[in-house]
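Peer 1: Build me a structure from this.
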Amino acid sequence: IPFAVCISLLVALHWRAAHLDEGLDAAEFSLSQRVQRVAEMTEFKFDTIRKLTALLATDSRIVAALKGEGDLAECTRYLQSVGDTLRLHRAFLLDTKGICVASNDANLANNLLGVNLSDREYFIRAMRGESAAQFVVGRVSTIPGFHFSAPVKGPDGYLGVVVLRHPCPAALFAHRLCYRQR
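Peer 2: Below is the predicted model of the structure:
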């Protein structure tokens, strides 16, 4: 009888190990599928924001505002609408010197208007004619986020840069949590 008990215990342990291995394999496969879906959704969202930034750079209100022919207040209202519709943290316009001249946060006490962002890589690359994306901490908001930029072209060169900013979700959550506790 002790021999039979030992054999049945070994068989049970082997069955249990095989069952656990199958469960781990299934969980690993499921997790890899979820990670793949998140990566695809993130790539799609970033590609969409990149394309929308390039499209905004051709908008007549933005071009006119940077030429000095349009109303910056109207451009700000338009950027507020864009930011609200797309659920962006910021949507703003920089002149050729990198100074923010219109922003969707213009109605906040801490806004980007007048802030010099000429040192940011997304501005530098856009002024060279490239669309760009950069992950940086906001100079005014102090929240890390993804900045997408595109050059605004005029008849004689670049007039400035349009930027759409999407916050890093984890950082935004932590920022809100910290301010709620104060």
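
Peer 1: Extract the CA atoms of stretch 59-70 and return them as CSV.
Peer 2: What follows is stretch 59-70, C-alpha atoms only, in CSV (Å, rounded to 0.1, in the frame of the first residue of the first chain):
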residue,chain,number,x,y,z
ASP,A,59,-6.2,75.4,-41.7
SER,A,60,-6.9,78.9,-43.0
ARG,A,61,-7.5,80.3,-39.5
ILE,A,62,-4.2,79.2,-38.3
VAL,A,63,-2.3,80.3,-41.4
ALA,A,64,-4.0,83.7,-41.3
ALA,A,65,-3.3,84.1,-37.6
LEU,A,66,0.4,83.5,-38.1
LYS,A,67,0.5,85.8,-41.2
GLY,A,68,-0.9,88.5,-38.9
GLU,A,69,-4.0,88.7,-41.0
GLY,A,70,-6.3,86.7,-38.7
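
Peer 1: Figure out how far it is from the centre of its chain.
Peer 2: What separates the centre of stretch 59-70 from the centre of its chain is 25 Å, taken as CA atoms, centre = their mean, to the nearest Å.

Peer 1: Which residues belonging to that stretch are considered buried?
Peer 2: Within stretch 59-70, the residues that qualify as buried are 59, 61-66, 70, counting by 16 or more other CB atoms under 10 Å. Where C-beta positions appear, they are placed from N, C-alpha and C, glycine not excepted.

Peer 1: Can you tell me the SS state at residue 139?
Peer 2: Under DSSP: H, G, I helix; E, B strand; the rest coil, residue 139 falls in the coil class.

Peer 1: Looks like it contacts residue 115 (just checking).
Peer 2: Yes - the pair residue 139 / residue 115 is scored as a contact, 6.1 Å apart, by CB atoms under 8 Å.

Peer 1: Compare those two (neighbour count), which wins?
Peer 2: residue 115 (16 against 13; other CB atoms under 10 Å).

Peer 1: Now do the contacts for that one.
Peer 2: Neighbour list for residue 115: 99-100, 139-140 [criterion: CB atoms under 8 Å, 6 or more residues apart in numbering].

Peer 1: Could you rerun that using 6 Å?
Peer 2: Applying CB atoms under 6 Å, 6 or more residues apart in numbering to residue 115 gives the contacts residue 100.

Peer 1: Pull up the per-residue confidence for it.
Peer 2: Residue 115 is assigned a predicted lDDT (pLDDT) of 95.
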